[in-house]
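*Asks:* next input, structure requested:
(chains A and B)
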Amino acid sequence: MMRLLRLLVLALVMAFPLHAVQPDEVLPDPALESRARAISQDLRCPVCQGETIDESNAPISRDLRLAVRERLLSGDSDTEVVDYIVRHFGEFVLFRPRASGSNLILWLAGPLLLLVALAGALVYLRGRARASESAPVALTSEEQARLRDILDR
Amino acid sequence: MIAEFGHFALILAFAVAIVQAVLPMIGATTGWRPGMAVAAPAATLQMLLAGLSFAALTHAFVTSDFSLRLVYENSHTQIPMLYKVSGVWGNHEGSMLLWVFILALFGATAAWFGQALPRELQARVLSVQAMIGAAFYAFILLTSNPFLRLAEPPMNGRDLNPLLQDPGLAFHPLFLYLGYVGMSMSFSFAVAALIEGRIDAAWARWVRPWTLAAWMFLTIGIAMGSWWAYYELGWGGFWFWDPVENASLMPWLFGCALLHSAIVVEKRESLKAWTILLAILAFGFSLMGTFIVRSGVLTSVHSFASDPARGSFILAILAVFVGGALTLFAMRAPAMQARGVFGLVSRESALVMNNVLLAVASFVVFIGTLWPLFSEMAFGRTLSVGAPFFNTAFTPFFVALALILPVGSVLPWKRGSIARASRQMAVPMLLALAVAALAYAVGTGQSALAPTGAALGAWLIFGSAMDAFLRSGSGGNRLARLWRLPRADWGRVISHGGLGVTILGISLLLAWSVEDIRVAKTGDTFTIGGYDVTLQSVDTVEGPNYTSTMATMRVARDGRQVAVLYPEKRVYPVQAMPTTEAAIDKGLFRDVYLVIGDEQAGGGWAVRSYIKPFTNWIWAGCVLMSLGGLISLSDRRWRVAAGAAKVRARAVAAE
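*Replies:* Next up is the predicted model:
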């Protein structure tokens, strides 16, 4: 039963890609429309599995797309539109998490780790540059036998 | 009967794996030769048994034996034979069976081609490989038995998920698993070396072919998945930063780093501990990929059979193996002394930079993928991390990588000069700038993405060509010498060029893609990106196991017909599931991508059309990258050592 349910959910979620942006939603002003598309591509469909409202077919995504366009028509800036959607649906709909509070860890983790890794690499490389070549370890008798095998071929 | 046989073979394989895990390890530790001698035959036997089990399940799918629950749930008498076969791994249980079969297969190759390995090392490698195997046999037998019967076999099955009924997706999991599981060999080699406490150039030389093979398969698997998404999901996206995609990207990145650091171990006996760590991480992330897909902790379009109980089992396997390996690493790593000495500017340093960038990039993908889970647990903040984050946080690493790659690839070992390498790369640099100027001129007034990406791609492509040219020395007869370059050199040149081709494709596609959404009535013509598209007719067509709404659309340019395309919308009645089949006119410089939508209330059809420039370069680049891997795999230096083993074996036989 659960399996069937999951398939059903999957069907609902994935199966109607064509219900993404419909011709009747498109705004007549191309500049506004392209802003609307850019905004929708950063917003997550609240009921789908990881789709943007731009790609999604769920009815709620259509409502959201229409809401975005309505706000744009009434003169909101891009940030105001996004704030409006977040007020109603929460942070979850943002595919680009806000760089505030605990999310700073997320945003800064990469750059910080890069600095740490670069520092570590530099220490290692300087160590290698200063080291003196150590004497090669003598071959064991078994290794010498193999070496002869290879060379004699 | 055959299904029970398959079940029994699987149980036997489990038993053999346990023997193979225990005896050779004891043998290698105590110097007991018979114990070590068990390893190779056991690996072969285990592979045969797992293969039999897999063949039995395939037989059930091919003959549509609906008394098996798995077949009933994932197949149907009417689907084409290809999908009956691919249905075997189009579900959780079957795909796990494929997983262990491939694991056993890789173990067996180490038994067959690894005869020249030191006896103790081979015994330990096969033992570790069998431990992983045993854990996964237990997982399948206890939580995901594919051979369960139904008391009353139904007349027909519930069909394979229609999205999986596609040639591109039929083999995508196969390659992905060959890649994921292939990383287990590097892991087994790393753990065996840690136990032995000895890592040298020979070890690196042994581990590299398997890493190369795994990385190659993973590249193809990822490319296939991305290609499938492009033509099947109906809006022409090729990468979604979906958790499951990320799960395959992380081992790929670590595998890539491992390939490069193993060169330093092989040629210069440095970076040993780091290489071991990478081998552990590459497989650790493969296991984590399996965990992410199988547990459903991160909701994703791919998790077609997620189950928390199975998830925790895999998490336990992950914890034991990666935790154990890392503990061993912490104990033994300090003993691994670097030997090579090199300057700050040298090939070694360039490879270290490659590793830093790849590893940190992989870490960014990791934290981005798991952040929603972590944030909810730790801070109670339910949020999403998607494409916009990854595009911002991940891309810079690949830009940096692409920038240093051509210069790094011509730096000499030990000590080089940036000035000299830059002089050598002056021609590719100029050509790349010319390409950037061209891209700027063609796409005036658009974002900086096209010129930047095109320049980076061209820099890599021309840089690789220059790399090959410089290898051929100086003076006459260059072509002949170019031809005789070691295969490893050709592999490097082709793979690096392939990366350039992919980068070029991605950036030009993203920068120049054109889209048109409209309602079209039959007979209507509209223009998109210089092409005239006419919706000629829309018909209903019956397929073998679906009903299709098929449009006939004519694409013309300057009055001349370019193509007639048939985009479809299919409904699979058994699962009551519609899919879109975009129609694509493929080309070297652009794809025309047409999608037919719903019939509109006021007459006409919703039609989406795209002109997608340079799309095929993305996958052509991936093919080049794996081709480079394949060529490198055929390099003479792997065969020399393997040949020595045969000579020795013959000499022993003659005595």
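
*Asks:* buried ones in stretch A:57-69?
*Replies:* Neighbour-count burial for stretch A:57-69 flags A:N57, A:A58, A:S61, A:R62, A:L64, A:R65, A:A67, A:V68, A:R69 (criterion: 16 or more other C-beta atoms under 10 Å in any protein chain shown). Any C-beta I mention is one placed from the backbone N, CA and C, and that applies to glycine too.

*Asks:* so for the second one, what's the pLDDT?
*Replies:* Going back to what we said before, that points to A:A58. Predicted confidence (pLDDT) for A:A58: 80.

*Asks:* equivalent analysis for the fifth one, please.
*Replies:* At A:L64 the predicted local confidence, pLDDT, stands at 91.

*Asks:* test my guess that it contacts A:R44.
*Replies:* No. A:L64 is not in contact with A:R44 according to C-beta atoms under 8 Å; the separation is 9.6 Å.

*Asks:* mind listing the shared neighbours of these two?
*Replies:* When C-beta atoms under 8 Å, 6 or more residues apart in numbering or on different chains defines a contact, the residues bordering A:L64 and A:R44 alike are A:I53, A:V93.

*Asks:* gap between B:A333 and chain A?
*Replies:* Applying C-beta to the nearest C-beta, to the nearest Å, one obtains 13 Å for the distance of B:A333 from chain A.

*Asks:* surely that residue and B:A273 touch.
*Replies:* Yes. Between B:A333 and B:A273 there is a contact under C-beta under 8 Å: 4.2 Å.

*Asks:* so what's the residue count around the residue lying closest to B:T275 once chain neighbours are set aside?
*Replies:* Of all residues not flanking B:T275 in the chain, B:S261 sits nearest, at 4.5 Å (C-beta to C-beta, 6 or more residues apart in numbering or on different chains). The tally of other residues near B:S261 (other C-beta atoms under 10 Å in any protein chain shown) stands at 27.

*Asks:* can I assume B:S261 sits in a helix?
*Replies:* Yes. Under DSSP: H, G, I helix; E, B strand; the rest coil, B:S261 falls within a helix.

*Asks:* got a pLDDT number for it?
*Replies:* 92.

*Asks:* quick one: the residue in chain A that chain B sits nearest to and B:E232, what's the gap?
*Replies:* In chain A, the residue that lies nearest chain B is A:F95 (3.0 Å; C-beta to the nearest C-beta). Taking C-beta to C-beta, to the nearest Å as the measure, A:F95 falls 22 Å from B:E232.

*Asks:* what's the answer for B:R381, then?
*Replies:* 34 Å.

*Asks:* same question for B:Q20.
*Replies:* Distance from B:Q20 to B:E232, by C-beta to C-beta: 41 Å.

*Asks:* who are the contact partners of the nearest residue to A:E51 once chain neighbours are set aside?
*Replies:* Leaving out its chain neighbours, the residue that sits closest to A:E51 by C-beta to C-beta, 6+ apart is A:C45, at 5.0 Å. Contact analysis of A:C45 by C-beta under 8 Å, 6+ apart lists A:E51, A:T52, A:I53, A:E55, A:S56, A:A58, A:I60, A:S61, A:L64, A:V93.

*Asks:* for those residues, which one is nearest B:M353?
*Replies:* A:T52 (34.7 Å; C-beta to C-beta).

*Asks:* next one: phi and psi at the closest one?
*Replies:* Backbone torsions of A:T52, given as degrees, to the nearest 10, read phi -80, psi 160.

*Asks:* what does the one 4 residues further on give?
*Replies:* For A:S56, the backbone dihedrals are phi -80, psi 160 (criterion: degrees, to the nearest 10).

*Asks:* count of residues packed around B:A606?
*Replies:* 21.

*Asks:* show the residue spans covered by the helices in chain A.
*Replies:* Applying DSSP state H to chain A gives helices spanning A:2-14, A:30-40, A:59-73, A:78-89, A:103-130, A:141-152.

*Asks:* winner for burial among the ones you listed?
*Replies:* helix A:59-73 (a mean of 18; mean count of other C-beta atoms under 10 Å in any protein chain shown).

*Asks:* and the pLDDT at the residue in the stretch 401-550 of chain B positioned nearest to chain A?
*Replies:* Ranked by C-beta to the nearest C-beta, the top residue of the stretch 401-550 of chain B for proximity to chain A is B:V519, at 4.5 Å. pLDDT, B:V519: 90.

*Asks:* so who does the nearest residue to B:F614 once chain neighbours are set aside touch?
*Replies:* Leaving aside its chain neighbours, B:F614 sits nearest to B:L508 (4.0 Å; criterion: C-beta to C-beta, 6+ apart). The contact partners of B:L508, taken as C-beta under 8 Å, 6+ apart, are B:A439, B:A450, B:G453, B:A454, B:P613, B:F614, B:W617.

*Asks:* just these: which are in helices?
*Replies:* Per DSSP H, those map to helices at B:A439, B:A450, B:G453, B:A454, B:W617.

*Asks:* closest to B:W112 out of those?
*Replies:* Using C-beta to C-beta, these come closest to B:W112 at B:W617, 37.8 Å.

*Asks:* give the burial count for that closest one, as a bare number.
*Replies:* 24.

*Asks:* for chain A, give me the ranges with low pLDDT.
*Replies:* A:1-19, A:133-137, A:153 (pLDDT under 70).

*Asks:* okay, now the domains of it?
*Replies:* A:2-93, A:98-124 (automatic domain parsing).

*Asks:* so which residues of the stretch 351-500 of chain B form strands?
*Replies:* Using DSSP state E, counting those that start in this stretch, the stretch 351-500 of chain B contains no strands.

*Asks:* in it, what residue is nearest chain A?
*Replies:* Residue nearest to chain A within the stretch 351-500 of chain B: B:G386 (3.0 Å; C-beta to the nearest C-beta).

*Asks:* if you drop the residues flanking it in sequence, what lies closest to that residue?
*Replies:* A:F95 (3.0 Å).

*Asks:* next, give phi and psi for the one you found.
*Replies:* phi -80, psi -20.

*Asks:* run a quick neighbour tally on it.
*Replies:* 22.

*Asks:* buried stuff in the helix or strand B:F313 falls within?
*Replies:* Using DSSP states H and E, the element containing B:F313 is helix B:308-332. Neighbour counts using 16+ other C-beta under 10 Å place B:310-311, B:313-315, B:317-318, B:321-322, B:325, B:328-329, B:332 of helix B:308-332 among the buried residues.

*Asks:* domain parsing for chain B?
*Replies:* B:1-165, B:168-181+B:193-322+B:340-397, B:398-513+B:620-624, B:514-615.

*Asks:* quick one: which of those domains is nearest A:V26?
*Replies:* domain B:514-615 (5.9 Å).

*Asks:* where along the stretch 551-655 of chain B do the helices fall?
*Replies:* B:615-633, B:636-654 (DSSP state H, counting those that start in this stretch).

*Asks:* what about the last one, average pLDDT?
*Replies:* Confidence over helix B:636-654, taken as the mean pLDDT, stands at 53.

*Asks:* go on, stretch B:614-623?
*Replies:* pLDDT averaged over stretch B:614-623 gives 95.

*Asks:* equivalent analysis for stretch B:219-226, please.
*Replies:* On average, stretch B:219-226 scores 93.

*Asks:* what's the answer for stretch B:162-172, then?
*Replies:* 81.

*Asks:* that stretch: end-to-end distance?
*Replies:* 15 Å (C-alpha to C-alpha, to the nearest Å).

*Asks:* got the contact list for it?
*Replies:* Counting by C-beta under 8 Å, 6+ apart, A:14-15, B:79-80, B:82-83, B:85-87, B:90, B:221, B:224-225, B:227-228, B:231-232, B:546, B:570, B:572, B:575, B:577, B:579 sit against stretch B:162-172.
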